[in-house]
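S.K.: 3D model of this:
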Amino acid sequence: MKKLYLSFACAVSLIAGQEASTLEEAFTQGKFNGHIRAFYINRDWQGDLSQSKTNKWAFATAIWLGYETKPFYGASLGIQMVSVNDFGLNPDKEKLNTSILGDNGETFSFVPQAYFKYEKENTLFKAGRQKISTPLLAPDDARLVPTYFEAYTLLNTDLPQTTLIASHVTKIAPGTFFNQYRNPHKHALVLTAGYGANDKASIGKFSNIGWYTVGKETSGVSFIGITNKSIENLSLTLYDYYAHDILNALYFQADYRFDAPYKPYVAFQYINEKDVGEGYINYVEDIDTSNIDANYYGIKAGASIDGVSLYAAYSKTDKNENAALNGSVISPWGGMPAFTQGMVTRHQFLADTKAWKVAGSYKWSDFGVNLKTAFYYASFDVGSANPYSPGHDWTAKEAGFDFIYYPVKNLQLRFRGNFPRSFYEDSAGKDLGWNEFRFIVNYYF
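M.R.: All right, here's what the predicted structure looks like:
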């Protein structure tokens with residue numbers, strides 16, 4: 001299950017040391033932090049339609065440097081900057097994979113986090129640029145730089161076994177993965193895969209979240225969430241997102257773990273979406289109705305023993321040909337909580353789609369190696385009511401792997417691969433897929 005809390009939530013119980021006694025001490029005794037990421041990606045196209053495509057690759061690095069003051073009467077300030085550079089090692093633009101670079105494949109720098117934070121007992125308030133991680137609004141850290149938000153967020157844990165979150169988000173700065181979906185003519189794929197429909201938005205630039213989503217400025221996205229674990233072995237999560245003048249999205253998830261050998265568990269998730277206010281979704285040029293009506297259901301079961309973890313999942317998205325995108329689930333703010341999503345293929349949110357996935361992982365700690373290896377296979381039965389290839393049904397498939405290794409503390413080496421087949425198929429049955437490899441180095445300090 002994805003982590004459903006804000007990235008700063010752990011600060012509630014991990015307040016570092018005593019508070020500063022003076023403002024000077026607050027600024028001089030703050031904490032620096034940093035993160036370096038090097039990223040290589042290579043995609044070779046496959047399928048009948050691959051002849052019109054160019055195989056692409058890229059290399060780039062990003063360095064984050066941050067500083068947070070020591071708390072003074074519970075209040076602190078934080079700032080972080082990130083700089084992306086390719087050191088002139090990338091190919092010409094025709095072969096350049098821009099999904100780890102700026103809008104036009106260039107290097108760039110910006111300030112992703114700049115915030116005021118206040119903590120008292122079990123309450124935390126944070127205002128400004130920040131990273132937020134919830135089911136339908138999240139960083140989607142799938143490439144070099146993730147997505148960030150400008151928001152006012154309140155977190156509280158006063159109630160036993162309960163976490164409450166409330167936030168109002170006004171702006172968004174899309175991450176580098178936005179380049180993979182920047183397409184003015186395929187909004188059915190863009191809006192269901194985690195990104196906004198406005199191709200004029202810029203990577204690393206904060207803009208009105210409504211303008212980013214549908215090309216029309218709005219009052220933002222407000223959400224509340226609750227996670228409760230008061231019943232033994234059962235975790236319940238409920239979020240409600242109100243995107244002013246666009247949609248209201250309800251997300252529910254239940255996870256139950258059995259007291260039995262092999263640690264078996266089952267989980268259920270549900271998403272419902274309706275239009276609200278002015279219904280600006282039809283401001284997107286290829287969506288001719290403001291009526292949003294979507295339902296998604298997912299179930300997952302798994303178990304683990306001696307370092308081996310296995311699970312299987314199934315999901316279904318309803319269809320409504322009188323609704324926007326025929327009833328597809330619209331998820332434009334990086335949130336991708338579906339049990340059946342692939343590493344890249346996210347067709348489970350397309351209307352009239354049934355999907356299943358099996359996955360397994362193994363931790364090699366018994367051999368004295370801090371290594372985790374994972375493999376998965378997903379299949380998406382996309383019905384003819386889908387808005388991506390309208391009137392055509394087909395089956396998209398994706399297999400992949402993910403190896404994560406820590407040779408020393410704070411240093412992570414990651415090797416990932418995904419191999420979609422029939423990611424897209426036209427009315428004549430001609431398909432498009434690819435083989436993609438990524439090598440990533442993360443160092444935290």
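
S.K.: what's stretch 361-368 in contact with?
M.R.: With C-beta atoms under 8 Å, 6 or more residues apart in numbering as the test, stretch 361-368 has contacts from 306-309, 370-375. Backbone N, C-alpha and C define where each C-beta goes, glycine included.

S.K.: let me have those in a markdown table, adding secondary structure and neighbour count as columns.
M.R.: What follows is the contacts of stretch 361-368, written out as a markdown table (DSSP: H, G, I helix; E, B strand; the rest coil; neighbours: other C-beta atoms under 10 Å):
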| residue | secondary structure | neighbour count |
| --- | --- | --- |
| Asp306 | coil | 8 |
| Gly307 | coil | 13 |
| Val308 | strand | 12 |
| Ser309 | strand | 17 |
| Asn370 | coil | 14 |
| Leu371 | strand | 16 |
| Lys372 | strand | 18 |
| Thr373 | strand | 15 |
| Ala374 | strand | 16 |
| Phe375 | strand | 15 |
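
S.K.: of all pairs in the residues you listed, which one is the farthest apart?
M.R.: Asn370 and Phe375 (18.8 Å; C-beta to C-beta).

S.K.: for Tyr251, give its distance to Phe39.
M.R.: As judged by C-beta to C-beta, to the nearest Å, Tyr251 and Phe39 stand 30 Å apart.

S.K.: His392 too?
M.R.: 35 Å.

S.K.: comparing those two, which shows the higher neighbour count?
M.R.: Between His392 and Phe39, counted using other C-beta atoms under 10 Å, Phe39 has the larger neighbour count: 24 against 16.

S.K.: so that one is in which element?
M.R.: Taking DSSP states H and E as the criterion, the element that holds Phe39 is strand 31-46.

S.K.: can you list the strands that that strand pairs with?
M.R.: Paired with strand 31-46 in the same sheet, following DSSP bridges, are strand 56-68 (antiparallel), strand 431-444 (antiparallel).

S.K.: now find how far off-centre that strand is within its chain.
M.R.: 16 Å (C-alpha atoms, centre = their mean, to the nearest Å).

S.K.: got the contact list for it?
M.R.: 16, 53-68, 70, 97, 99-100, 143-144, 421, 432-445.

S.K.: what subset of those is buried?
M.R.: The neighbour-count criterion (16 or more other C-beta atoms under 10 Å) marks 56-64, 66, 68, 70, 97, 99-100, 143-144, 421, 432-434, 436-440, 442 among these as buried.

S.K.: buried residues in stretch 100-108, which are they?
M.R.: Using 16+ other C-beta under 10 Å as the test for burial, stretch 100-108 gives 100-103, 105, 107-108.

S.K.: tell me the one of those residues nearest Asp288?
M.R.: Asp103 (28.6 Å).

S.K.: OK, contacts around the closest one?
M.R.: So Asp103 contacts 179, 202-203 (C-beta under 8 Å, 6+ apart).

S.K.: now swap in Tyr181 and tell me
M.R.: 189-190, 193-195.

S.K.: now with 10 Å, please.
M.R.: If a contact means C-beta atoms under 10 Å, 6 or more residues apart in numbering, then Tyr181 has 99, 174, 187, 189-197, 199, 332, 346 as its contacts.

S.K.: for Ser422, same thing?
M.R.: By C-beta under 10 Å, 6+ apart, the residues touching Ser422 are 46-48, 345, 380, 382, 394-398, 429-433.

S.K.: so what's the spatially most central residue of the chain up against?
M.R.: Ranked by distance to the mean C-alpha position of the chain (C-alpha atoms, centre = their mean), the top residue is Asp140 at 2.5 Å. Contacts here follow C-beta under 10 Å, 6+ apart; on that basis Asp140 touches 133, 146-147, 174-175, 177-178, 193-195, 331, 333-336.

S.K.: show me the beta-bridge partners of Phe110.
M.R.: Under DSSP bridges, the beta-bridge partners of Phe110 are Val82.

S.K.: check contacts around it.
M.R.: Per C-beta under 10 Å, 6+ apart, neighbours of Phe110: 81-84, 102, 129, 145, 148, 173, 202-206.

S.K.: the contacts of Tyr181 in helices, which ones?
M.R.: Among those, DSSP state H puts 187, 189-192 in helices.

S.K.: and which of those is nearest Lys263?
M.R.: Thr192 (32.8 Å).

S.K.: so what's the closest one closest to, chain neighbours aside?
M.R.: Leaving aside its sequence neighbours, Thr192 sits nearest to Phe349 (C-beta to C-beta, 6 or more residues apart in numbering; 4.0 Å).

S.K.: burial measure for the one you found, as a count.
M.R.: Neighbours of Phe349 under the rule other C-beta under 10 Å: 27.

S.K.: these two touch, right, it and Tyr297?
M.R.: No: counting by C-beta atoms under 10 Å, Phe349 stays clear of Tyr297, with 11.9 Å between them.

S.K.: all strands of the stretch 301-445 of the chain, in order?
M.R.: Per DSSP state E, counting those that start in this stretch, the stretch 301-445 of the chain carries strands over the ranges 308-317, 353-363, 371-382, 394-408, 411-421, 424-425, 431-444.

S.K.: most tightly packed of the ones you listed?
M.R.: Mean neighbour counts were compared across these using mean count of other C-beta atoms under 10 Å; the top stretch is strand 424-425, at a mean of 22.

S.K.: can you tell me the average pLDDT over that strand?
M.R.: The average pLDDT within strand 424-425 is 98.

S.K.: what are the contacting residues of that strand?
M.R.: With contact meaning C-beta under 10 Å, 6+ apart, strand 424-425 is reached by 47-49, 186, 189, 347, 382, 388-389, 392-396, 430-433.

S.K.: can you rerun that using 8 Å?
M.R.: Residues outside strand 424-425 that contact it (C-beta under 8 Å, 6+ apart): 49, 388-389, 392, 394, 396, 431-432.

S.K.: give the bridge partners for Glu273, please.
M.R.: Beta-bridge partners for Glu273, by DSSP bridges, are Ala249, Ala294.

S.K.: so it sits against Asn248, correct?
M.R.: Yes: assessed by C-beta atoms under 8 Å, Glu273 is found in contact with Asn248 at 6.9 Å.

S.K.: compare these two (neighbour count), which wins?
M.R.: The residue with more neighbours, out of Glu273 and Asn248, is Glu273; 26 against 18, by other C-beta under 10 Å.
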